[in-house]
Structure formats: structure tokens, C-alpha cells
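**Student:** below is the sequence, then the predicted model.
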Amino acid sequence: MGARKELEFGASRRGTQYELRLVRQLTKGGLRAAYAHLLDVVGDGEPALLYLGNAVLPRHVTLVLPGDGDRVLDVYDPATGHVTRLDQGHFASRELRIAGWDVPWLTVQPDGARRVQAFGFSTGMSSASRTSGVSASA
């Protein structure tokens with residue numbers, strides 16, 4: 001949950017909300033669909049997290065970058081400091097080969113909807129629109 005909040009309030013545009021999606025249990029077809037959806041939501045310019053590991057436990061966290069529109073995920077591996085291009089076939093076959101880990105476990109990714117939140121009072125008035133007791137004619 002902390003990583004999700006860090007993405008929402010530090011690494012993405014204001015109003016972007018994130019969701020956790022468990023992918024470990026998916027079939028090969030389900031993993032292909034999850035990959036395509038992840039590619040679409042990061043393609044809007046927001047990063048995501050990919051937790052990966054072995055068949056038993058998630059062991060490593062990577063950063064999925066927005067990429068360059070080539071329909072392949074760009075994954076930053078903090079263990080090596082390098083970006084790995086991860087294609088759909090390797091993702092769906094559980095052959096990630098990132099930092100020695102192969103199995104995708106879960107993602108923390110944009111939910112695809114943007115909610116712009118204004119600052120100010122619950123009335124919708126911002127502090128800039130309130131009068132401060134000084135008349136405009138003074």
C-alpha cells in the first residue's frame with residue numbers, strides 16, 4: 001500500500017489512482033491480457049510496479065516505465081540499474097529473466113481513470129478567490 005501511495009502522490013500526475021492486480025494465478029491467456037492492459041495504462045505516461053519472483057513467493061520489485069510506444073514494456077531493474085525490454089510472450093510464459101526471477105506476481109498500475117482534485121475548501125472556493133477584508137477599490 002505504501003508503494004501505491006508513493007506512485008499516486010510522487011511519481012504520477014495529480015489525480016492518477018493506482019490499483020493492485022494479482023497476476024500470479026492467471027492462465028497464459030490471462031497473462032497476455034494482463035500484459036496488454038498494463039501496456040495500455042502505462043502508455044498514457046504513468047509508471048507502474050511489477051512484483052516478480054519464483055513459483056512460491058514474490059521476491060523482487062521493478063518499475064515499469066511508460067515506454068516509447070513500441071508495444072513492449074520497458075522495465076527498470078533496481079538490482080542492475082538497467083532497463084529490460086519485456087515482451088508479451090516472455091510475460092505470458094513466466095520467463096521474465098529479470099534479476100534471476102521469472103514469475104510475474106502482481107502489478108501496482110494506474111487504474112485507467114484520472115480524477116483531477118482541486119485544492120481549496122469543500123465549497124470549491126480556493127484561497128485565491130476569497131476576499132481578505134480589503135476592498136478591491138482601496
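**Tutor:** Ah, there it is. Numbering: from 1, shown residues only.
**Student:** so where is this protein shaky, pLDDT-wise?
**Tutor:** The model of the chain has pLDDT under 70 over residues 1-2, 4-13, 15, 113-138.
**Student:** centroid-nearest residue for it?
**Tutor:** Ala48 (2.2 Å; Cα atoms, centre = their mean).
**Student:** thought that one was touching Val108?
**Tutor:** Yes. The pair Ala48 / Val108 is scored as a contact, 6.1 Å apart, by Cβ atoms under 8 Å. All C-beta atoms are positioned from the backbone trio N, CA, C, and that covers glycine.
**Student:** now do the buried residues in the longest helix belonging to the chain.
**Tutor:** Secondary structure of the chain per DSSP state H: the longest helix is helix 28-42. Residues 31-32, 34-35, 38-39, 41-42 are the ones in helix 28-42 that count as buried (16 or more other Cβ atoms under 10 Å).
**Student:** hmm, who's touching that helix?
**Tutor:** Outside helix 28-42, the residues that touch it by Cβ atoms under 8 Å, 6 or more residues apart in numbering are 21, 23, 26, 48, 50, 64-67, 71-73, 88, 91-94, 104, 107, 109-112.
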